[in-house]
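>>> Okay, here's the prediction I keep looking at, along with the sequence it came from:
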Amino acid sequence: MLSKPPWEAACNTWRGALRALPKLRRYGIIVSLLLLFAIFSIMRPEIFPTTGNLISILKQISLLGILSAGLTVCLVLGDFDLSVAAVATWSGVMVAALLPQMSMWAAIPLVVAMGVGIGLVNGFFSAVVGISPFIVTLATQTMLRGLTLWYTGGYSLYSGIPKAFVRIGRGTALGIPYLVYIMLLIYILIYVAANHMAFGKRLYAVGGNPTASRYSGIRVIRVHLLGFVISGVLAALTGVLLAARLSSGQPRAGEGLLLNAFAACFLGATAFRAGRFNILGTFVGVLFIGVLNNGLVILGVPFYLQYVIQGAILILAIAASGLARSLSGTKAH
Amino acid sequence: MKRSAKYRMERIGLTVGRFGTVIGLLLLVTVFAILKPNVFPTARNLLNILNQISLLGICAGSLTICLAVGEFDLSVGAVATLGAVLTAGWLPHMHPVLAVLAVLAICLLVGLTNGLIITTLRVSSFMTTLGMMTVLTGFSYWYTSGSGSILYSGIPKWFLQIGKGSFLHIPYLVFVMSVVLIILHMLMNHTSTGRHIYAVGGDAEAARFAGISVRGMKIFGFALSGTLAGLTGVLLVARLGLAEPTIGDRFLFDAFTVVFLGAASIRIGQFHILGTLIGALIMGTIFNGFTLLDVPYHLQLVVQGAILIAAVTAAGLWQGLSQSVRLRNVRGEYKSSETRQDAE
């Protein structure tokens, strides 16, 4: 009988470590978030880890968070929604235009209803007509951008916006901004819907295999439509809140949100349900982007370097999870 | 009798539908020619349209290759910006040919990096190029930050001549676009590389089993895309005489629109260079015509989006029709072979 070579044990430990990687990878983004947090705390202990700053991080990410939550639902279904930022900008401008003419409680629902409408249009062309959602939303975002700039002529709308409306965007309760409460509420709602209700099962079923879901009696088209409507509504809400925070409707306010929202969702897809978009992961992704931006600003890094670092970290984070995947020999999906 | 008439209608529909976007383009040209008979349909204005789309055409051509391999390249706009910023920055200090070659080499490197990250680490191309775009945007801002974020001094006159001059009344840029698109067209349709690119884009797994280097083709696609986006940037400087860190931004969405319009024409459902040229022509005609009609630029964006949706919807309908006809033909053959067997 052959005795085992002495390095066998070492090899086994190594293999065991590799086998543990896929599990670790699920929490890679959380570990990186904590690491980032620790680094910033060590570098600026007097500013970064204070309650005030943490609340301000939460406030800074609240709008991005709401937008990304809607986008996540779409991405779970396998639909790219490139129109979210344009919908947000459009809604911000619309609410600022409507507010002088009507009560806040009429204007906000009206703008959110527009979000439903845009979502239905996106959903109609992609799910019913069957065009790739990437193309449909590329077109709708171009149109909305054009409409927004045409309507405003490139100028901000800031007259006649009531104080009560601005308070939504700037007010606080118990020291925490309203915006943060709204974001958390939306995340809880979507989390419960996606993980503890039939809706979530349908969502992941359609996203995973539309044909199989159709055969098992899911109305696939309806689920896609609903996904786009949720995304549209949350984008419209983001726009309304953006207008409230800026106390004006600005025709370029939402432009930076699109890429960040996608980044957050993709970062989040590496966490928890590895390789799949999920709402909890998106929240971590949004937090990651928020902490990174906040920390870099506090460190006094020039804004152009912030871009470079953000992009590099984005690639690194995603690549790290990809590396773990190829090491462990499993494929996503 | 009735059925044969229906079949004939279908056949006509299939033949004509293929050229839907071309017909749309001709319609646009006709409408503008009727509305502005003195200005629009002149040789000078048509050359002007070609000149206006030349850079978009090059950029969209590069994107076509990337999409044909089945990958997104969101970094084209940022690479064009990078190319422009570096060109404007290096021209005053270097021999122009050397500067341009260096810029193209750097953009090639960016493309290679994209391709290597995507194929080696199996990261989604959407995410990688999004990250690359952010990095490059930051770099361009950094590079121009010393000079008030705009570079325009020290660019040699003759270099600007590339962007403004013309030969036989045809602008140089149109020649450049034609050469690039012809080479790409030859590459995609008349070389084995082109076949391999389409094979990888169609079904990567099948292509791999057929012995095609999927990795190689993807990296090649990204490298080409990066280089040509860089060339777009170089020519942007030649045309505008300056570079600033948002100069290439609009190329991203415009190039995607053009390529998707192209995939809805002639060879429907496939990304090809001829289609991309048609898409670019449609975009150019819309902008030129509507500008002549004094329609505000922002409303042109709305028209652009509407045309994209209309074209792709029509292409989808065409695909449905062609599929149903093909299915029926297959079924018909099956039936006829059955009856033949019965007779035997």
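Received, thanks.

>>> Counting neighbours, what do you get for residue 97?
Assuming you mean chain A. Counted with other CB atoms under 10 Å in any protein chain shown, the neighbours of residue A:97 add up to 17. The C-beta positions use only the backbone N, C-alpha and C, and glycine is treated the same way.

>>> My question was about chain B, not that one.
For residue B:97, using other CB under 10 Å, the count is 8.

>>> Next, give phi and psi for it.
phi -60, psi -40 (degrees, to the nearest 10).

>>> Would you mind measuring from it to residue B:91?
11 Å (CB to CB, to the nearest Å).

>>> now residue A:140
In terms of CB to CB, residue A:140 sits 40 Å off from residue B:91.

>>> ditto for residue A:222
In terms of CB to CB, residue A:222 sits 57 Å off from residue B:91.

>>> So for those two, which residue has more residues nearby?
residue B:91 (24 against 13).

>>> ok, the more buried one - contacts?
Neighbouring residues of residue B:91 by CB atoms under 8 Å, 6 or more residues apart in numbering or on different chains: B:99, B:154, B:155, B:156, B:159, B:237.

>>> By pLDDT, rank those and give me the bottom one.
Lowest pLDDT of the contacts of residue B:91: residue B:154, 73.

>>> check contacts around the residue nearest to that one when sequence neighbours are not counted.
Nearest residue to residue B:154, sequence neighbours excluded (CB to CB, 6 or more residues apart in numbering or on different chains): residue B:92, at 2.8 Å. By CB under 8 Å, 6+ apart, the contact set of residue B:92 is B:153, B:154, B:155.

>>> what's the helix or strand for residue B:92?
Taking DSSP states H and E as the definition, residue B:92 sits outside all helices and strands.

>>> for the one 10 residues further on, same thing?
Residue B:102 is part of helix B:96-120, with elements assigned from DSSP H and E.

>>> does chain A sit close to that helix?
Yes. Helix B:96-120 is in contact with chain A by CB under 8 Å from any CB of the partner chain, via residue B:117.

>>> any idea which helix or strand comes after that helix?
Following helix B:96-120 toward the C-terminus (DSSP H and E): helix B:125-145.

>>> Figure out how far that following helix is from the centre of its chain.
21 Å (CA atoms, centre = their mean, to the nearest Å).

>>> For it, which residues meet the burial criterion?
By neighbour count on 16 or more other CB atoms under 10 Å in any protein chain shown, the buried set for helix B:125-145 is B:125-144.

>>> what do you get for stretch B:36-47?
B:36, B:40, B:45.

>>> want to throw these into a markdown table with distance to chain A, secondary structure and pLDDT?
Below are the buried residues of stretch B:36-47 laid out as a markdown table (distance: CB to the nearest CB, whole Å; DSSP: H, G, I helix; E, B strand; the rest coil; pLDDT from 0 to 100):
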| residue | distance to chain A | secondary structure | pLDDT |
| --- | --- | --- | --- |
| B:36 | 21 | coil | 79 |
| B:40 | 22 | coil | 77 |
| B:45 | 24 | helix | 84 |
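
>>> In the chain, mark out all the helices, start to finish.
Using chain A. In chain A, the helices defined using DSSP state H lie at A:7-26, A:28-43, A:51-76, A:84-98, A:104-123, A:133-152, A:163-170, A:178-195, A:198-208, A:210-215, A:220-246, A:257-268, A:279-298, A:303-328.

>>> other chain: chain B
Counting by DSSP H, the helices of chain B are B:2-18, B:20-35, B:43-68, B:76-90, B:96-120, B:125-145, B:157-164, B:172-190, B:192-202, B:204-209, B:214-240, B:249-263, B:273-292, B:297-343.

>>> returning to what we had before: out of the helices of chain A, deepest packed?
helix A:84-98 (a mean of 28; mean count of other CB atoms under 10 Å in any protein chain shown).

>>> pLDDT averaged over that helix - what is it?
On average, helix A:84-98 scores 90.

>>> I'd like to know which elements it is packed against.
helix A:51-76, helix A:104-123, helix A:133-152, helix A:220-246, helix A:257-268 (3 or more CB pairs under 8 Å, 6 or more residues apart in numbering or on different chains; DSSP states H and E).

>>> Do the fourth one and chain B come into contact?
Put plainly, it is helix A:220-246. No. Using CB under 8 Å from any CB, helix A:220-246 never reaches chain B; the gap is at least 14.4 Å.

>>> tell me what that helix is packed against?
By 3+ CB pairs under 8 Å, 6+ apart, helix A:220-246 packs against helix A:51-76, helix A:84-98, helix A:104-123, helix A:163-170, helix A:178-195, helix A:198-208, helix A:210-215.

>>> So for residue A:286, which of those sits nearest?
helix A:51-76 (4.5 Å; CB to CB).

>>> one step back: JSON lines for the contacts of residue B:91, including neighbour count?
Converted to JSON lines, the contacts of residue B:91 look like this (neighbours: other CB atoms under 10 Å in any protein chain shown):
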{"residue": "B:99", "neighbour count": "21"}
{"residue": "B:154", "neighbour count": "11"}
{"residue": "B:155", "neighbour count": "21"}
{"residue": "B:156", "neighbour count": "11"}
{"residue": "B:159", "neighbour count": "18"}
{"residue": "B:237", "neighbour count": "28"}
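
>>> Out of those, which comes closest to residue B:116?
Nearest to residue B:116, judged by CB to CB, of the contacts of residue B:91 is residue B:99 at 25.7 Å.

>>> roughly how far apart are the residue lying closest to that closest one once chain neighbours are set aside and residue B:98?
Spatial nearest neighbour of residue B:99, excluding adjacent residues (CB to CB, 6+ apart): residue B:90 at 4.1 Å. Note on residue B:90: its distance to residue B:98, by CB to CB, is 8 Å.
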